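Participant: quick one: sequence and predicted model below, then my questions.
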Amino acid sequence: MRTKNSNWHNFVKLCSQLNTAKQLANLFDIFLTTAEKDDIAARYAIVKELLAKEKTQREIAANLKISIAKISRGSNALKIADKEVKGILNSKF
C-alpha cells in the first residue's frame, strides 16, 4: 500500500504536468471539495498578507475574518518555507 507521502508526491507531480490554470482548476474540482478550495483560498490570502508585511497578524485576522490561529499557522509555515519558493512568492505578490 502506498503511503500518504507518496500519494501526495504523485498528486503534486500530476499537477506539475498540466499546462494551464484552467486544467489545474478542473483537476482541483475533481480532487477538492468546495470547503477545501475555500481553505486553500484563505491560506493564499493569509500568505499574501503576511508577505506584504503591512499589517499585524491581528489586523490580517480581522480583515479576512479568519481566526488568529490560522494566521499563526500561516506565519509558522512561512518561517520554515524553502527560500527559493518564498522568493517566488514574494516576486508574485
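Facilitator: Arrived safely, thanks for sending.

Participant: thinking L50 is in contact with I60, fair?
Facilitator: Yes. Counting by C-beta atoms under 8 Å, L50 touches I60, with 6.9 Å between them. Every residue, glycine included, has its C-beta placed from N, CA and C.

Participant: so for the two, which sits in the more crowded spot?
Facilitator: I60 (22 against 19; other C-beta atoms under 10 Å).

Participant: follow-up on the earlier one: so what sits against both of L50 and I60?
Facilitator: Both L50 and I60 are in contact with I71, where contact means C-beta atoms under 8 Å, 6 or more residues apart in numbering.

Participant: mind listing the helices for the protein?
Facilitator: Ranges of helices in the chain, per DSSP state H, are 4-16, 21-31, 34-52, 57-64, 68-79, 83-92.

Participant: in a markdown table, list those helices along with mean pLDDT.
Facilitator: Formatted as a markdown table, the helices of the chain follow (pLDDT from 0 to 100):
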| stretch | mean pLDDT |
| --- | --- |
| helix 4-16 | 93 |
| helix 21-31 | 97 |
| helix 34-52 | 96 |
| helix 57-64 | 97 |
| helix 68-79 | 96 |
| helix 83-92 | 93 |
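
Participant: I'd guessed V47 sits against S75; true?
Facilitator: No. Using C-beta under 8 Å, V47 is not in contact with S75; the gap is 9.1 Å.

Participant: neighbour-wise, which of these two wins?
Facilitator: Set V47 next to S75 and count neighbours by other C-beta under 10 Å: V47 wins out with 18 against 14.

Participant: and the gap between the closest residue to the more buried one other than its chain neighbours and N5?
Facilitator: Counting by C-beta to C-beta, 6 or more residues apart in numbering, V47 lies nearest to G74, which is 5.6 Å off, once chain neighbours are set aside. The spacing between G74 and N5, counted by C-beta to C-beta, to the nearest Å, is 22 Å.
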